[in-house]
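> any chance you can model this:
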Amino acid sequence: MINRKFLSAAITWIPATILVAFISPVYDADFSSLVFIYALYIFLFLFTYGVIASFLAEKISEKAAKFQSTLSLMIHLAFGYGFVLPFSVFAPEVLEQGPLNFITINGLVCSAVFFIVDLMVRRSGKSFCYGKET
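This is a model prediction of the structure:
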């Protein structure tokens, strides 16, 4: 399962970066440099916080008898929204911007994309091990 999570993070990286760049543009930068900057941050957060959050969401939702995918989606979105808490350690002023700010919106977008990609990879029925299909 952990290999699938890393594969999902790798696939999620590009669409999440493009979506975040469209949703949260910085007007003093051109689009290509904006995408590059977002790509660096999103890569770091997807492969650390995202993989761990998705792993926990799947483990928790496995215990549900019904609605496993819905529960997993809700947990993914909660982790995406809750990303503002660990982020606020580095930038505490983010908490002053209200409940729907730059970080929470982008966290929700990234977590939703991660969930969709992981669901597609899981439903493909293939097992992946270190980049090789087994």
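
> for residue 57, see how far away residue 47 is.
Going from residue 47 to residue 57 by Cβ to Cβ, to the nearest Å gives 16 Å. For glycine as for every other residue, the C-beta is placed from the backbone atoms N, C-alpha and C.

> sorry, slip of the keys, the one I care about is residue 33.
Counting by Cβ to Cβ - residue 33 and residue 57 are separated by 33 Å.

> so which of the two has more stuff around it?
residue 57 (23 against 10; other Cβ atoms under 10 Å).

> surely the more buried one meets residue 76?
Yes: under the criterion of Cβ atoms under 8 Å, residue 57 makes contact with residue 76 at 5.1 Å.

> now do the shared contacts for these two.
residue 115 (Cβ atoms under 8 Å, 6 or more residues apart in numbering).

> remind me which helix or strand residue 63 belongs to.
When elements are assigned from DSSP states H and E, residue 63 belongs to no helix and no strand.

> where does it land on pLDDT?
Residue 63 is assigned 88 on the pLDDT scale.
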